[in-house]
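S.K.: dropping a prediction and its sequence here:
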Amino acid sequence: MRVVVTGAKGQVAASLAELAPEVGHELVAIGRPELELGGERLAIALALERARPDVIVSAAAYTAVDRAEAEPDLAFAVNARGAGSVAAAAAALGVPLVHLSTDYVFDGRKLEPYVEEDPVGPTGVYGRSKLEGEELVRAAHHDVAILRTAWVYSPFGANFVRTMLKVAESRDQVSVVADQYGNPTSALDIARAVLAIAEQLTRSKSPQLRGIFHMTGSGEASWAELADHVFAASAALGGPSARVHRIPTADYPTPARRPSNSRLNCQRLSTAYGVTLPDWHQSVSEVVRRLVQSN
Ligand SMILES: NC(=O)C1=CN([C@@H]2O[C@H](COP(=O)(O)OP(=O)(O)OC[C@H]3O[C@@H](n4cnc5c(N)ncnc54)[C@H](O)[C@@H]3O)[C@@H](O)[C@H]2O)C=CC1
């Protein structure tokens with residue numbers, strides 16, 4: 001299977017590039033300048049056509065949640081119209097599309113984990129732009145699995161786990177928000193799941209495999225609990241660690257308001273695809289091991 005992923009250096013794209021050859025798939029990652037999601041629809045279509053995909057994974061996005069509040073036009077150009085253009089290109093090529101979306105389409109007021117049918121209500125520009133992306137993707141192509149994931153970390157790029165390890169190199173204590181709950185998700189696990197999903201999409205036309213699916217690491221955490229585990233795993237390997245000082249969201253004001261509960265229920269994915277991501281503790285330990293040992 002020849003998998004074409006958008007966003008050459010993103011966490012998910014980099015994880016796919018690492019894994020695909022190991023499991024016998026060809027991976028072509030295309031990023032800027034060849035593929036500019038804020039650019040013309042025709043240019044996006046031509047770049048994807050040249051890559052000759054059997055399946056397209058739409059992983060590139062404007063992911064700077066706080067900066068998006070000051071750059072809504074760019075966030076919507078990339079996450080909404082750009083995503084729609086990728087879907088239109090997949091439709092024109094007659095290939096399935098795996099599109100990544102986010103837990104931040106929800107407002108966080110539900111007390112239980114969100115299911116796919118729950119009403120959406122993004123609290124910021126990033127979430128709104130990704131939600132419009134979902135809608136434009138579905139309007140452009142029927143052969144699509146939209147995967148909403150969350151709290152992504154990996155050995156690559158910018159993410160919370162890497163930030164914690166970096167901060168602990170110079171500080172004994174770090175203040176971390178303790179009243180937002182979600183599902184930490186390793187991009188390495190996303191990559192494995194995306195390939196399994198893409199394989200099934202290329203083989204079967206079943207409507208059960210199409211639509212929106214929640215896909216996160218198993219288990220839930222607050223940011224403070226995640227930080228605790230990062231430091232415990234790192235300390236066990238002789239890496240940097242710090243004490244976690246728990247603070248409420250109110251003490252850590254950010255331009256974008258984040259949902260206090262963005263936990264996702266992933267049952268639908270498991271039923272349709274037989275795919276369940278590993279427990280987050282285990283996956284965080286693996287990423288921390290790689291980061292500490294590469295230092
Ligand atoms: N990082 C996270 O915590 C979460 C991410 N997601 C979604 O998962 C997907 C993958 O996320 P990550 O790999 O973490 O993202 P990332 O931020 O690591 O990578 C995004 C990639 O998109 C590229 N990109 C940005 N603007 C572009 C443009 N105008 N044209 C072409 N490429 C552009 C960047 O260069 C980068 O390679 C995204 O759709 C994101 O919205 C969903 C929930 C949480």
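M.R.: In hand now; what should we look at?

S.K.: how about the residues of the stretch 101-250 of the chain near the ligand?
M.R.: 102-103, 130, 149-152, 157, 187 (Cβ under 6 Å from any ligand atom). Where C-beta positions appear, they are placed from N, C-alpha and C, glycine not excepted.

S.K.: narrow those to those that are buried.
M.R.: Listed as buried from these are 102-103, 130, 149-152, 157, 187; burial here means 16 or more other Cβ atoms under 10 Å.

S.K.: point out the least confident one among these.
M.R.: When those are sorted by pLDDT, the bottom entry is G157 at 92.

S.K.: before we move on, back to that, in strands, which of the residues of the stretch 101-250 of the chain next to the ligand appear?
M.R.: 102, 149, 152 (DSSP state E).

S.K.: so the first one touches R128, yeah?
M.R.: No: in terms of Cβ atoms under 8 Å, T102 does not count as a neighbour of R128; the distance is 10.8 Å.

S.K.: I'd guessed R148 sits against L264; true?
M.R.: Yes: contact status for R148 versus L264: in contact at 6.3 Å, counting by Cβ under 8 Å.

S.K.: where does the stretch 1-150 of the chain get nearest to the ligand, which residue?
M.R.: G10 (2.4 Å; Cβ to the nearest ligand atom).

S.K.: please name the nearest non-neighbouring residue to E49.
M.R.: Nearest in space to E49, with sequence neighbours left out and distances taken as Cβ to Cβ, 6 or more residues apart in numbering, is L93 at 6.3 Å.

S.K.: which residues touch that neighbour?
M.R.: 48-49, 53, 56 (Cβ atoms under 8 Å, 6 or more residues apart in numbering).

S.K.: dump those into JSON lines; add secondary structure, neighbour count and distance to the ligand as well.
M.R.: As requested, the contacts of L93 are exported to JSON lines (DSSP: H, G, I helix; E, B strand; the rest coil; neighbours: other Cβ atoms under 10 Å; distance: Cβ to the nearest ligand atom, whole Å):
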{"residue": "L48", "secondary structure": "helix", "neighbour count": "26", "distance to the ligand": "12"}
{"residue": "E49", "secondary structure": "helix", "neighbour count": "13", "distance to the ligand": "16"}
{"residue": "P53", "secondary structure": "coil", "neighbour count": "24", "distance to the ligand": "16"}
{"residue": "I56", "secondary structure": "strand", "neighbour count": "27", "distance to the ligand": "13"}
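
S.K.: how about low-confidence regions in the chain?
M.R.: Across the chain, nothing is flagged by pLDDT under 70.

S.K.: which stretches in it count as strands?
M.R.: Under DSSP E, the chain gives strands at 2-6, 26-30, 55-58, 97-102, 144-149, 152-153, 173-177, 181-182, 185-186, 211-214, 221-222, 243-247.

S.K.: in TSV: these, plus distance to S204.
M.R.: Formatted as TSV, the strands of the chain follow (distance: least, Cβ to Cβ, whole Å):
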stretch	distance to S204
strand 2-6	17
strand 26-30	21
strand 55-58	13
strand 97-102	14
strand 144-149	12
strand 152-153	27
strand 173-177	42
strand 181-182	31
strand 185-186	25
strand 211-214	14
strand 221-222	34
strand 243-247	45
